[in-house]
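J.: build me a model:
(one chain, ligands or ions: 3)
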Amino acid sequence: MSRDLPSEPLQPGAEYEALIHFLYRAPVGLVQTGLDGTVEMLNPMAANLLMPVAPAAALDDLFAVLDALVPDLRTRVAACAEPSGMIVDGLRLALPAAKAPNAPQVLSLSLMKLDPERLMFMVADATLEVQREKDTLSRRLRSAARTDALTQMPNRDEVRDEVERLMALQASGDAGFAVLLLNADRFRQVNDNLGRAVGDQLLVQMGERIRGALRPPSDHLDPLGRGGQLAARIGGDEFVVVLDGMRSREDAERVAARLLDALARPYLIDGHDVVSGASLGLVWGAGAAATSDDVLRDASIAMVEAKRAGGGRQRLFEQGMRERAARRADIEGELRQAILEEQLFVVYQPVVGMLPDGGIDYAAGVEALVRWRHPRRGVVPPVEFIGVAEECGLIGALGDFVLEHACRDFLDWRARLGERAPRLVAVNLSRAQLGQPGWIGHVARLLQDTGMPPAALQLEVTESLAAQDQDVQQRLHELKALGIKLALDDFGTGYSSLSSLHLLPVDTVKIDRSFVSQADTSHHHQVLIEATVKVAQSLGMQTVAEGIETPSQAGVVRAHSCTKAQGYFYSRPLAAGDLLAWVAERQDAAR
Ligand code: C2E
Ligand code: MG
Ligand code: MG
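T.: Ligands and ions are numbered 1, 2, ... in the order given. Modelled structure (predicted):
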């Protein structure tokens, strides 16, 4: 406004009167002074604002009033050689703490030279303005605190608030939101094998793909025009997508499928081809969850189920999952104890050779199978705890335990039975073991320390594990380089096929029990067994039929030239000592 003041000296008259009246009532403080600061005119607002800071409450010399706040004011005025012009523009003056509750804390001061003899000061209360600026700044800081620094996505706090908001809306009858929790399937391996920098880049690219896959929001806009979507990284390799205003659960599942598709495509990072899909847990509405943390926990439980089912897929949260998760948590705690207290032990199931003359080779080999002697539940089978051990990082200790016992028992049998002892011991391998850094070296040392001949050790991997990426293949080749035998377990249940068998570095294919159990009743299964044996033979691989329970099943697999067989028909898994007796007895009988 000071810019609009006439620069010519004002002449008395009606216009002048009106202007003075206007200035008098202006909502800013206006003070006209001489060049030496002597006050010639000031309006009531100026008096209000300046009186509290004026020494001895005297407002006759404005330089004196402002001395303490702007010490160089006189110099600035003196330095202005022009006849008129702006000298100070919107200078902020912090006032000493005032006693009155609503007293200004900050003044804004502008000063203009009106003409060679007069100055015009404009003073305003800038307290609110400064407060607003502070608010904006703290909002920005807060938003930085709510942003994940790596991906620039909102973080967990932001997700919590959004979910709380949607839960409140749902409570008032407004339905239709979904929380999708995604966890990278192979992040740890990427970090371990390719380094953190590549891991970080993977997370950034995953974040970008998630955001990309959410656009356009066409399939979940509702008539109310809502349809907000929040994509966040809530920590580590975990992302959350909150979808608002969904018409139906199926719509949310479609978005989830799109996200998984986008994430499953290979990533190119620093010249590396990185493969890492994601597992997704989906929560539809809040259900029985009371807080946003409950909703996130439910989504996480469903995500873990998706991982357990093999990863790269989605699972919808259901109430039953919570109990199962709790049970797994119980098992986890008990299993830690079990390893410490040596409640685990190893049993051995004979694997017999099918001799061309119709006879049976009882010393062909054995398979080591872990058991848990639970203090209350008795002997627990591995299906109930191997998965948990894999998830909670206990599989390394468990696997090492079995491997070491298998090698020692094998050598013990050899020491006792010599030539008549089993010639091969098979040990099951889990994905997590293969992924452990330094594990191959550990196996090499174990072989050396125990004196176990590598060619007498067979490690069994499942189809779905063996058919995985380059890393797994690499590790399997490293094991083979040690001279160890490899078997493909449970063949027929996974997703590798006969046509890709030649790609896997295995010596033996174990045909899954589900095929063998129908070998004598289903022509279809017979054909599959026959085809598997033929392909394996052509690749120089051995075949083992698993789960033989009846003589007729044994007959069928023999008829199809399967080289080995395993099953209750021959023997159930036995304790180490019983196995020794079993082999010795049968060999003696065969003599
Ligand atoms: P697998 O490696 O395919 O082992 C064969 C399973 O089939 C064993 O079950 C065995 O007891 C069972 N079986 C053998 N013959 C018959 C039969 O005639 N009829 C029936 N119904 N079952 C038969 P088990 O010991 O319960 O082990 C199940 C799975 O747990 C194993 O399948 C293997 O994948 C895993 N496992 C066992 N021990 C270990 C271990 O030390 N480490 C790892 N990573 N996994 C293990
Ligand atoms: Mg096995
Ligand atoms: Mg098997």
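J.: make sure Val123 is indeed in a strand.
T.: Yes. Checked against DSSP: H, G, I helix; E, B strand; the rest coil, Val123 lies within a strand.
J.: so which strand or helix has Ala149?
T.: For Ala149, there is no enclosing helix or strand under DSSP states H and E.
J.: quick one: it and Arg160, what's the gap?
T.: Separation of Ala149 from Arg160 (Cβ to Cβ, to the nearest Å): 18 Å. Where C-beta positions appear, they are placed from N, C-alpha and C, glycine not excepted.
J.: those two: which has the busier surroundings?
T.: Arg160 (19 against 9; other Cβ atoms under 10 Å).
J.: with adjacent residues omitted, what lies nearest to the more buried one?
T.: Sequence neighbours aside, Ser292 is the residue nearest to Arg160 in space, at 4.4 Å (criterion: Cβ to Cβ, 6 or more residues apart in numbering).
J.: what about the one you found, how many neighbours?
T.: Using other Cβ under 10 Å, Ser292 has 21 other residues around it.
J.: surely it meets Glu164?
T.: Yes. With contact defined as Cβ atoms under 8 Å, Ser292 counts as touching Glu164 (4.9 Å).
J.: element containing the nearest residue to Gly37 once chain neighbours are set aside, please.
T.: In space, and not counting its chain neighbours, Gly37 is closest to Phe63: 3.3 Å by Cβ to Cβ, 6+ apart. Per DSSP H and E, Phe63 falls inside helix 62-66.
J.: what comes up buried for that helix?
T.: Neighbour-count burial for helix 62-66 flags Leu62, Phe63, Val65, Leu66 (criterion: 16 or more other Cβ atoms under 10 Å).
J.: and the pLDDT for Arg308?
T.: Looking at Arg308, its pLDDT stands at 82.
J.: need the phi and psi values for it.
T.: Torsion angles at Arg308 (phi, psi; degrees, to the nearest 10) stand at phi -60, psi -30.
J.: list the contacts for it?
T.: By Cβ atoms under 8 Å, 6 or more residues apart in numbering, the contact set of Arg308 is Gly387, Glu391.
J.: how much space between it and ligand 3?
T.: 18 Å (Cβ to the ion, to the nearest Å).
J.: where are the low-confidence patches of the stretch 201-350 of the chain?
T.: 215-227 (pLDDT under 70).
J.: ok, the residue in it positioned nearest to ligand 1 - how many residues close by?
T.: Taking Cβ to the nearest ligand atom, ligand 1 has its nearest neighbour within the stretch 201-350 of the chain at Gln349, 5.6 Å off. By the criterion of other Cβ under 10 Å, Gln349 has 20 neighbours.
J.: in the sheet, who's paired with it?
T.: In this structure, Gln349 bridges to Glu367 when assessed by DSSP bridges.
J.: let me see the contact set for the residue lying closest to Ala368 once chain neighbours are set aside.
T.: Leaving aside its chain neighbours, Ala368 sits nearest to Ala406 (4.0 Å; criterion: Cβ to Cβ, 6+ apart). By Cβ under 8 Å, 6+ apart, Ala406 lies in contact with Val346, Tyr348, Ala368, Val425, Val427, Leu457.
J.: what parts of the stretch 401-550 of the chain come near ligand 3?
T.: Within the stretch 401-550 of the chain, the positions lying close to ligand 3 (Cβ under 5 Å from the ion) are Asp489, Asp490, Glu546.
J.: which of these come close to ligand 2?
T.: For ligand 2, the contacts drawn from those by Cβ under 5 Å from the ion are Asp489.
J.: turn the residues of the stretch 401-550 of the chain next to ligand 3 into TSV, including pLDDT, distance to Leu263 and neighbour count.
T.: Formatted as TSV, these follow (pLDDT from 0 to 100; distance: Cβ to Cβ, whole Å; neighbours: other Cβ atoms under 10 Å):
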residue	pLDDT	distance to Leu263	neighbour count
Asp489	92	28	27
Asp490	88	27	19
Glu546	97	35	24
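J.: no more questions from me, cheers.
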